[in-house]
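Engineer: how does the following fold in three dimensions:
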Amino acid sequence: MAGGPHGEARAVHEGILRRQSARESSARTYARALPIVPVRARGLTIEGADGRRYLDCLSGAGTLALGHNHPVVLEAIRRVLDSGAPLSVLDLATPVKDAFITELFRTLPPGLVDRARVQFCGPAGTDAVEAALKLVRAATGRTGILAFTGAYHGMTAGALAASGGARDVQVARLPYPQDYRCPFGVGGPRGAELAARWTESLLDDPKSGVPLPAGMILEPVQGEGGVIPGPDDWLRRMRQLTADRSIPLIADEIQTGVGRTGAFWAVDHSGISPDVLVLSKAIGGSLPLAVIVYRDDLDVWPPGAHAGTFRGNQLAMAAGTATLSHVRENGLAERAATLGSRMLGQLRELAETFACVGDVRGRGLMIGVEMVDPEDTGAEPDGHRRTPTGPEPARTPHRAAPELAAAVQRECLQRGLIVELGGRHSAVVRLLPPLTISDEQAAAVLDRLADAVAAVARTHEEHAPHRSRHHDSAQRAG
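Structural biologist: All right, here's what the predicted structure looks like:
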């Protein structure tokens, strides 16, 4: 029945979505897969215009470290608003900015903090990436950049060129180590060692076609690439390779920073200190803010070499200070490590239960579940089985199944759970809950996700009549 408050709310909801479809760009993304109209939010929970409630494990693509409208963030914003302070000041010094920098420097890796300089960029993370690339080029006098397969660094021209989906090759591409889809077919420490050797060979071979670069940019955990943690030993190797050759190392911590991976910065797991740290998302406490922090000897550019009208956002700095301080003082990074490990353990049971779950991986509260085609036998077109070679053969990965991942996302939404998709083929269901998620909320998230995966697996089974439990078991044993 369409009448009554519920019917009116539904009409408002549908009207807003209809107008969005008619008036907004075809480039919109999240709105297509998540047809909701948020009107209120607190912590993990969003309420839509239609009255439905959702558990939000997208968190503004990792922006909301403390969830929606956390009291300490709202209070920090109110204080600035009530103080009469200017809200936008270009790059002028203010007490609000001074407090933000002081708090940010309290958290920096030990090898960077004593020699750190900070540059405020435009409000998006991609602008900070552009600034980092410009900085190392200015400091070294070189132009080339080393980046990695599967990388995502933003949507502006320079950031896109360093990302895995680049159309025109302007950057030398290196293999990023991973277990499930290891580029060398071995996975584990051996796969990471081969990736490091490839990088070393590329840099030292005078006929590699890659001259000494201006810098190397990497994500300590690839997010959009499919939630792939860089092995700590490999990250230390990249740090040593670049240091030995005077190549500035840029760590993109736009999504991994502020406790997300179980350490305040993801590079802290390996103990490395990058030359440049690229930061955005959570550092603004839900508001737009982006900075780069870098070693003082790289600070060679002249005034105005990188600028931006909205780099002086005082509300974002105040919200960011409150967020950084709250995460640090309340041990939320350590909490993310403990809870994330528990959630990963429980989610790995899905891979044992459902053949359509190929891999579960992540670090802290940055978690990915890769959906695969359970019908894939691992055979090439000629009928021969794809078999990884080497002294430590890895599992033969099944083909990615983006359609199953999209189905899981839809089933999650029907159950009141918002999740994101990512990965090379958009086949990875991603969880980025706020660091403030409770044990009870985490259990609810896992229950809803498991129920959604079960529903998709059941539907897939019903449409694949020739499959059998015996076939599934044999496939996994193979």
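
Engineer: okay but Glu420 is in contact with Ser426, surely?
Structural biologist: No: contact between Glu420 and Ser426 fails when scored by CB atoms under 8 Å: they sit 9.9 Å apart. C-beta coordinates here come from the backbone N, C-alpha and C atoms, glycine included.

Engineer: those two: who's more crowded?
Structural biologist: Neighbour count, other CB atoms under 10 Å: between Glu420 and Ser426, Glu420 has more, with 23 against 20.

Engineer: residue contacts, the more buried one?
Structural biologist: Tyr30, Cys57, Leu58, Ala61, Gln409, Val429, Arg430, Leu432 (CB atoms under 8 Å, 6 or more residues apart in numbering).

Engineer: then Asp204?
Structural biologist: By CB under 8 Å, 6+ apart, the contact set of Asp204 is empty.

Engineer: what distance do you get for it to Val113?
Structural biologist: Between Asp204 and Val113 the computed distance is 32 Å (CB to CB, to the nearest Å).

Engineer: low-confidence ranges, this protein, go.
Structural biologist: Applying pLDDT under 70 to the chain flags residues 1-3, 166-169, 377-395, 465-478.

Engineer: what's the helix or strand harbouring Ala405 in contact with?
Structural biologist: Under the criterion of DSSP states H and E, Ala405 resides in helix 402-414. By CB under 8 Å, 6+ apart, the list of residues contacting helix 402-414 from outside reads 33-34, 36, 54, 356, 369-373, 418-421, 423, 425-429, 448-449, 451-453, 455-456, 459-460.

Engineer: in that helix, what counts as buried?
Structural biologist: Residues Pro402, Leu404, Ala405, Ala406, Ala407, Val408, Gln409, Glu411, Cys412, Leu413 are the ones in helix 402-414 that count as buried (16 or more other CB atoms under 10 Å).

Engineer: Serialize the residues you listed to TSV and add fields for distance to Leu298.
Structural biologist: Output for the buried residues of helix 402-414, formatted as TSV (distance: CB to CB, whole Å):
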residue	distance to Leu298
Pro402	40
Leu404	45
Ala405	40
Ala406	43
Ala407	47
Val408	44
Gln409	41
Glu411	48
Cys412	44
Leu413	45
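
Engineer: quick one: buried residues of stretch 42-50?
Structural biologist: Gly43, Leu44, Ile46, Glu47, Gly48, Ala49, Asp50.

Engineer: among these, which lie within helices?
Structural biologist: Judged by DSSP state H, the buried residues of stretch 42-50 include no members of helices.

Engineer: from these, which two are the most distant?
Structural biologist: Gly43 and Asp50 (20.2 Å; CB to CB).

Engineer: hang on, Gln119 in a strand?
Structural biologist: Yes: under DSSP: H, G, I helix; E, B strand; the rest coil, Gln119 falls within a strand.

Engineer: thought Val291 was touching it, still the case?
Structural biologist: Yes: between Gln119 and Val291 there is a contact at 6.4 Å, judged by CB under 8 Å.

Engineer: quick one: which helix or strand includes Gly122?
Structural biologist: Here Gly122 is assigned to no helix or strand, by DSSP H and E.

Engineer: that one is in contact with Gly312, isn't it?
Structural biologist: No: Gly122 is beyond contact range of Gly312, at 10.9 Å (criterion: CB under 8 Å).

Engineer: quick revisit: can you select the buried ones from the contacts of helix 402-414 in PyMOL?
Structural biologist: Here the buried members of the contacts of helix 402-414 are turned into a PyMOL selection, burial being counted by 16+ other CB under 10 Å:
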select buried, resi 34+36+54+356+369+370+371+372+373+418+419+420+421+423+425+426+427+428+429+448+449+452+453+455+456+460
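
Engineer: in strands, which of the contacts of helix 402-414 fall?
Structural biologist: Judged by DSSP state E, those include Tyr54, Val369, Glu370, Met371, Ile418, Glu420, Leu421, Val428, Val429 as members of strands.

Engineer: who's in contact with Gln20?
Structural biologist: Gln20 sits next to Arg28, Ala31 when contact means CB under 8 Å, 6+ apart.

Engineer: before we move on, the earlier item: closest to Met238 among the buried residues of stretch 42-50?
Structural biologist: Closest to Met238, out of all of the buried residues of stretch 42-50 and judged by CB to CB, is Leu44, at 34.9 Å.

Engineer: these two touch, right, Glu253 and Pro220?
Structural biologist: Yes: Glu253 lies in contact with Pro220 (CB under 8 Å); the separation is 6.9 Å.

Engineer: between these two, what contacts are shared?
Structural biologist: By the contact definition CB under 8 Å, 6+ apart, Glu253 and Pro220 are jointly contacted by Trp265, Ala266, Val267.

Engineer: ok, the first one - how many residues close by?
Structural biologist: Trp265 has 25 neighbours, counted by other CB under 10 Å.

Engineer: before we move on, what about the last one?
Structural biologist: Each residue near Val267 was counted by other CB under 10 Å, and the total is 27.

Engineer: can I take it that it is in a helix?
Structural biologist: Yes: remark: Val267 belongs to a helix, assigned using three-state DSSP.

Engineer: distance of it relative to Gly257?
Structural biologist: From Val267 over to Gly257 (counting by CB to CB), the distance is 9 Å.

Engineer: repeat that for Leu350.
Structural biologist: 28 Å.

Engineer: rewinding a little: who touches both of Gly122 and Gly312?
Structural biologist: Shared contacts of Gly122 and Gly312 (CB under 8 Å, 6+ apart): none.

Engineer: do a quick rundown of the helices in the stretch 251-400 of the chain.
Structural biologist: Applying DSSP state H, counting those that start in this stretch to the stretch 251-400 of the chain gives helices spanning 314-329, 332-353.

Engineer: buried ones in the longest one?
Structural biologist: Same thing as helix 332-353. Neighbour counts using 16+ other CB under 10 Å place Leu332, Ala333, Arg335, Ala336, Ala337, Leu339, Gly340, Met343, Leu344, Leu347, Leu350, Ala351 of helix 332-353 among the buried residues.

Engineer: what do you get for the shortest one?
Structural biologist: Judged by neighbour count using 16+ other CB under 10 Å, the buried positions of helix 314-329 are 314-328.

Engineer: repeat that for stretch 268-277.
Structural biologist: Those would be Asp268, His269, Ser270, Ile272, Ser273, Pro274, Asp275, Val276, Leu277, for stretch 268-277 by 16+ other CB under 10 Å.

Engineer: and for stretch 282-300?
Structural biologist: 282-295, 298.

Engineer: inside strands: which ones of these?
Structural biologist: Residues of these located in strands (DSSP E): Val291, Ile292, Val293, Tyr294, Arg295.

Engineer: looking at those, which is nearest His153?
Structural biologist: His153 lies nearest to Ile292 out of these, by CB to CB, at 12.4 Å.

Engineer: beta partners of the closest one?
Structural biologist: Note on Ile292: beta-bridge partners by DSSP bridges are Gln119, Val278.

Engineer: who's in contact with it?
Structural biologist: Shown in contact with Ile292 (CB under 8 Å, 6+ apart): Val118, Gln119, Cys121, Ala128, Ala131, Ala132, Leu135, Val276, Leu277, Val278, Leu279.

Engineer: so how far is Trp301 from the second one?
Structural biologist: Translated: Gln119. For Gln119, the distance to Trp301 (CB to CB) stands at 9 Å.

Engineer: of these two, who's got more company?
Structural biologist: Gln119 (23 against 15).
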